[in-house]
Structures are given as structure tokens and as C-alpha cells.
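Colleague: After the sequence you'll find the predicted model.
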Amino acid sequence: MGDETTRTIGVTGATGAIGGRVAAQLARAGFGQRLIVRDLNRAPELPGSTAAMATYGETTAFERAARGVDTLFLVSATESEHRVEDHLSAVDAALAAGVDRIVYLSFLNAGPAATFTFARDHFYTEAHIRASGVRHTFLRPSLYLDLVPHFADSDGVIRGPAGQGRVAWVSRDDVANVAVAVLTGGVEHDERSYAITGPEAVTLSETVSRLSSLSGSVVSYVPETWSEALSWRLASGVPQWQAEGWASSYAAIAAGELDTVSTTVPDLTGYPAQSIEGFMRRHPSALADIHR
């Protein structure tokens, strides 16, 4: 590892699904870390790490937390109406603190006119980072395979306007492993955007069929129109922006915007991306709560 382990990597979201995996791997590899968390009581205790408390919107606190950090792993914030503003605030604070490289967890095919409304947030965050001139890398994962079971209701039914569109679901493990490869790598990753996907693109119908046969839990997919999808989500009491975000993730599948298969996982980690079957072997209880 040599002198590479002397750099300090800032990890946001270290109490979450991706940031937590990344922080644990970096600790095992001997890298020094600054864990930037919203709640110090929840910060993991890892060798070679210190923790600092700040949220993305707290410019002064985030700048203080990022001082001494060379490379920052910026995990995107939880979806909200002011998500872009929070991202931009965190980026500006990091630059003021002297961070010279940002690795940002974005989304597949992020763009200003993306069907998936939350992917637009990622585009504007990427644009701000790029315009700042800081060294950067954008990680653009597809939808998480880990979350598919949570899309199902208590009857094991997944509803959404995905039609017969395809998506290359990707596991969080694979995304975290790619992030670690980039964070611990060098200038070869600068100004790069990496699409991170599973090994194949499948429809929702194919997804639930394979999950059902592998788990023994019956999961089904019911296609919806856009208006149907939006109507019942709004009826549940969520605000308009959130309902549109949820529904548009399915609509993006129908539009073909997630029908992308990349080789990033094997290229950067040296092993194949997890398939649906591989994921279920690693997580045999993933569908355990369905039909309970």
C-alpha cells in the first residue's frame, strides 16, 4: 500500500448502506478516514478513522468536518425538495476546506431531462462539481437490486409504470466495491463517469419471476399507467415531488433510460457483477418479509 494509505479519505453517509460498506473496506485496507455523519452516536468505530458531525446544508459545520480531507466520497443525500441546494452547499464547503478530489455517488444516465426526476438532481450536482475545477469522478449506479423486495406490498405485488422496459439491477456490494477501487486509485479515474450496473438488463416481469423461483416467495408485477401510479402514491399522503420521484423511477425503465449494461464492476474490481441469482445466494432472506 505504501504512501497511498497516508492520505485521508472523507466518507459521508458512513452510517448508511453504501457509505458504511465503503468505510469498512477502507479501514480493513489501512486507509485513514474522516467519517462525516449526521449523528456522532451512530458513527462506526473503525481503525484509522475519526468522526465529525455535519449535514450537507450546514456549510460551516461541513467545512470544519472536511478539513484535512484529501479525497471526499460524497454520497447523495436522501431525496428532498432542497436536495440539489444541499449537495451544492456540501461541495462548496468541501472546496473551502481544501478537499482536492470529489468522488460523487450519482445515478445512471443522469441528465437535465431524465425521466427519473431524482436523476435530474444528480445532473445538476455533477455540473456544479465539474464547473468548480476540482478533480472528480462520478459513480453512476443503476437501481439497487437490494431494494427490489421493498418495492413489493404485503401481498408480494410490485406496481409501477415500467411496462416491458429493462433495467440492469446492481447490488450495493458491487457499487461499494467500485467506489473503493476509485477512492484508492489514482489519476486514471479523474474526470471519469462510470456507469455501474448488473450483468444483464431484465424486465420487471422477468425480475419477479426469478426472485419468486429462487426464494419460494411469490412476487408479481402489475403494470400501471402513469396516472394510476401517481394517484395511489399521492393518496398515501406523500408530497407531489416524492410521488413523482417514486413513479418516475418505473417510467424511466419503460422509457429505456435504464436499459444499460456496463462492464465497470469486473473492470474495476476483477470479479463479475452480481446477478439476481448471485444476490439471492448471498442474501437468502431478502424476501422473507413478503406475505407476512
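Modeller: Received it, and whenever you're ready, just let me know what you need. Numbers count the residues shown, from 1 in each chain.

Colleague: Please count neighbours and contacts with C-alpha atoms only from this point.
Modeller: Will do.

Colleague: For Leu258, the count of nearby residues, please.
Modeller: By other Cα atoms under 10 Å, 25 other residues sit near Leu258.

Colleague: Would you check that it makes contact with Ala168?
Modeller: Yes. Using Cα atoms under 8 Å, Leu258 makes contact with Ala168 at a distance of 7.0 Å.

Colleague: Common neighbours of these two, please.
Modeller: Ser142 (Cα atoms under 8 Å, 6 or more residues apart in numbering).

Colleague: Sketch out the strands for the stretch 151-292 of the chain, chain order is fine.
Modeller: Per DSSP state E, counting those that start in this stretch, the stretch 151-292 of the chain carries strands over the ranges 157-160, 192-196, 220-223.

Colleague: right, I mislabeled it, should have said the stretch 1-150 of the chain
Modeller: 8-12, 32-37, 49-53, 71-75, 101-105, 135-141.

Colleague: mind checking the end-to-end distance for stretch 35-46?
Modeller: 10 Å (Cα to Cα, to the nearest Å).

Colleague: I'd like to know how far the nearest residue to Ser220 once chain neighbours are set aside sits from His150.
Modeller: The shortest distance from Ser220 to any non-neighbouring residue, by Cα to Cα, 6 or more residues apart in numbering, is to Val157 (4.9 Å). According to Cα to Cα, Val157 and His150 sit 10 Å apart.

Colleague: Buried residues in stretch 98-117, which are they?
Modeller: Neighbour counts using 16 or more other Cα atoms under 10 Å place 99-111, 114-117 of stretch 98-117 among the buried residues.

Colleague: Look at Val157 and His150 and report which has more neighbours.
Modeller: Each of Val157 and His150 has its neighbours counted (other Cα under 10 Å); Val157 has more, 18 against 14.

Colleague: residue contacts, that one?
Modeller: Taking Cα under 8 Å, 6+ apart, we find Val157 in contact with Val219, Ser220, Tyr221, Val222.

Colleague: okay, and for the stretch 51-200 of the chain, where does confidence drop off?
Modeller: For the stretch 51-200 of the chain, applying pLDDT under 70 flags no range at all.

Colleague: just how off-centre is stretch 260-277 within its chain?
Modeller: Remark: stretch 260-277 is offset 16 Å from the chain centroid, using Cα atoms, centre = their mean, to the nearest Å.

Colleague: Only the buried residues of that stretch, if you could.
Modeller: The neighbour-count criterion (16+ other Cα under 10 Å) identifies Thr260, Val261, Ser262, Thr264, Val265, Thr269, Ala273, Gln274, Ser275, Ile276 as the buried residues of stretch 260-277.

Colleague: Which of those residues sits closest to Pro44?
Modeller: Thr269 (24.6 Å; Cα to Cα).

Colleague: What is the burial count for the spatially closest residue to the closest one that is not a sequence neighbour?
Modeller: Leaving aside its sequence neighbours, Thr269 sits nearest to Val178 (Cα to Cα, 6+ apart; 6.3 Å). For Val178, the number of neighbouring residues by other Cα under 10 Å comes to 22.

Colleague: go on, Val182?
Modeller: The tally of other residues near Val182 (other Cα under 10 Å) stands at 22.

Colleague: now swap in the one 3 residues further on and tell me
Modeller: In terms of burial, Gly185 registers 13 neighbours under the definition other Cα under 10 Å.

Colleague: rewinding a little: could you dump the contacts of Val157 to a markdown table with distance to Val91, pLDDT and neighbour count?
Modeller: Shown next, in a markdown table, are those (distance: Cα to Cα, whole Å; pLDDT from 0 to 100; neighbours: other Cα atoms under 10 Å):
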| residue | distance to Val91 | pLDDT | neighbour count |
| --- | --- | --- | --- |
| Val219 | 41 | 91 | 24 |
| Ser220 | 41 | 95 | 19 |
| Tyr221 | 39 | 97 | 21 |
| Val222 | 40 | 97 | 13 |
